[in-house]
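Student: Based on what follows, work out the 3D shape:
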Amino acid sequence: MADEGREALLQELRARALPSWFEDAKLGVLPHWGPSAVPAWAEPIGNFHEIAKAHGWEYWFRHDAYPEWYWNTIRIEGSPARAWHDATFGKNFEYPRFGPIFDEATRRFDPESWAKLFADAGVRYVVLVSKHHDGWTLWPSATPNPFIPGWHATRDLVGELGAAVRALGMRYGLYYSGGLDWTFEPGPVRDLPSLLKCIPQSDQYLAYANAHWRELIARYQPCVIWNDIGYPRAADLVELFADYYDAVPDGLVNDRFLFGSQPHLDFNTPEYSAIADISPRKWELTRGIGLAFGYNRNETAAHALSVRELVHLLCDVVSKNGNLLLGVGPMPDGTIPPLQRERLLGLGRWLAACGEAIYGTRPFQRAEGVTREGTPVRFTRKGGVLYALVLGPPADGAVEIEGLKIPPSARVTRLGQDDPQSPAFALRIEPAPAA
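Tutor: Model (predicted):
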């Protein structure tokens, strides 16, 4: 494609309106599921931003709290993960041997059970990890891995889950690790410079990743193409995105194809870090319920957000023009760990009572407030209605929000008032005050 044609096409992409379904949906889940769920081991040392800031990136990668990075962590000599691996499986047990074990376990997977759980949790879209950094694909691709024979699921797990999710009215998107594939560039990743060096740039990998994305788009029509950790620099992303939008007119592209130089994107994806105020650009906070995305046998309730914290996080994110994409880490056979299941269902119960103040809303003139008693408040709006989400249990009597002048003619009703243990409730104010 000539430069003039590519520039015109790029401007056309940038002029697209953000699909309203994404602005309305607010809550998604991101299941991380693959061979790393067999060892399911990582050190739950904390939030990666905080750990890296306090101890540096080398420390983070040596003690990585993400079990989905297990293959990388055990390649770092002296890491606790390496010591545990050798003691548990033996020094000569190579990571690819987890593949057939995982594949055998997936025979017991019931996609309808996931779909029902997600629907009960109030989820509006599901983004499945079709390939993570270990290169294992959750579908038997027409473009197989050139280095490890059979490095893919026997079942079409991508297609089966998509059918189950869509049958219950949820949207279905796909994650793909375009930047890291340890079957092509084994690393290990020890720090940020080595992370960048591990992004494969060969013509072979570019053709491989392009073939996968195009196959995923053609076969499954994902509502989001959610790339991770970059992409080969030689890729024609403008053409890929244009072809994707032709296939899925209300689809979206995330911001992780290229670091800092991506020609087009629909939304930003901060990880384990929210933002301070309303963002003019749509964004999506992605994080696990605990300290990781994948299943970690070492995580306990102490490492996970409570239902109360999940509700407050969702309210905060939505008030600032964001969506929340929660990582879910299934066991090899597809079982969702009880702790994650309990948290999801607790969030769903709250949304059943107060979802009117979340779904389909847009930011108000300001995101935050506080009651006279000091309870935090988050604001959303929908048409001429203002919602004040009070981040505390329901209380009898009047609720006064500092700096919010409600005209006497306004009608104020409460959502979520019936449960005295509710982590938050909402005031529905109509018409919305000016500020």
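Student: so where's this protein uncertain?
Tutor: 1-2, 435 (pLDDT under 70).
Student: Tell me how it divides into domains.
Tutor: 3-357, 362-430 (automatic domain parsing).
Student: Leaving out the residues flanking it, which one is nearest to residue 79?
Tutor: residue 62 (4.9 Å; Cβ to Cβ, 6 or more residues apart in numbering). Glycine gets a C-beta too; all of them are placed from N, C-alpha and C.
Student: what does residue 275 give?
Tutor: Among residues not flanking residue 275 along the chain, residue 320 sits closest, at 5.8 Å (Cβ to Cβ, 6+ apart).
Student: Count the residues that sit near that neighbour.
Tutor: Neighbours of residue 320 under the rule other Cβ atoms under 10 Å: 21.
Student: can you pull the contacts of it?
Tutor: 274-275, 277-279, 283, 363, 367 (Cβ atoms under 8 Å, 6 or more residues apart in numbering).
Student: Could you rerun that using 7 Å?
Tutor: Counting by Cβ atoms under 7 Å, 6 or more residues apart in numbering, residue 320 touches 275, 277-279, 363, 367.
Student: In helices, which of those residues fall?
Tutor: Among the contacts of residue 320, no residue falls in helices (DSSP state H).
Student: Out of those, which end up buried?
Tutor: Neighbour counting by 16 or more other Cβ atoms under 10 Å classes 275, 278-279, 363, 367 among the contacts of residue 320 as buried.
Student: between these, which is nearest residue 248?
Tutor: Nearest to residue 248 among these is residue 279, at 24.4 Å by Cβ to Cβ.
Student: Grab the nearest non-local neighbour of that closest one.
Tutor: Using Cβ to Cβ, 6+ apart, the closest residue to residue 279 is residue 321 (4.9 Å).
Student: Could you give the number of residues near the one you found?
Tutor: 21.
Student: wait, doesn't it sit right on residue 284?
Tutor: No: using Cβ atoms under 7 Å, residue 321 is not in contact with residue 284, being 10.2 Å away.
Student: got the buried ones among the contacts of residue 320 as JSON lines, with distance to residue 402 columns?
Tutor: Below are these laid out as JSON lines (distance: Cβ to Cβ, whole Å):
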{"residue": "275", "distance to residue 402": "22"}
{"residue": "278", "distance to residue 402": "18"}
{"residue": "279", "distance to residue 402": "24"}
{"residue": "363", "distance to residue 402": "19"}
{"residue": "367", "distance to residue 402": "14"}
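Student: which residue ranges form the helices in the protein?
Tutor: Counting by DSSP H, the helices of the chain are 3-14, 20-25, 48-55, 57-62, 70-73, 80-89, 98-105, 111-120, 157-167, 192-197, 203-220, 237-247, 307-319, 338-354.
Student: and residue 213, what does it touch?
Tutor: 176, 225, 240.
Student: For residue 6, see how far away the last one is.
Tutor: As defined by Cβ to Cβ, to the nearest Å, residue 240 lies at a distance of 12 Å from residue 6.
Student: Ok, the second one next?
Tutor: To residue 6, residue 225 is 19 Å away according to Cβ to Cβ.
Student: before we move on, what about residue 308?
Tutor: 49 Å.
Student: which of those two has more neighbours?
Tutor: Shown here are residue 308 and residue 6; by other Cβ under 10 Å, residue 308 has more neighbours (18 against 15).
Student: so how far is residue 244 from the more buried one?
Tutor: Per Cβ to Cβ, residue 308 is found 38 Å from residue 244.
Student: Looking at the contacts of residue 320, spot the one nearest residue 381.
Tutor: Nearest member of these to residue 381, counting by Cβ to Cβ, is residue 363, at 7.2 Å.
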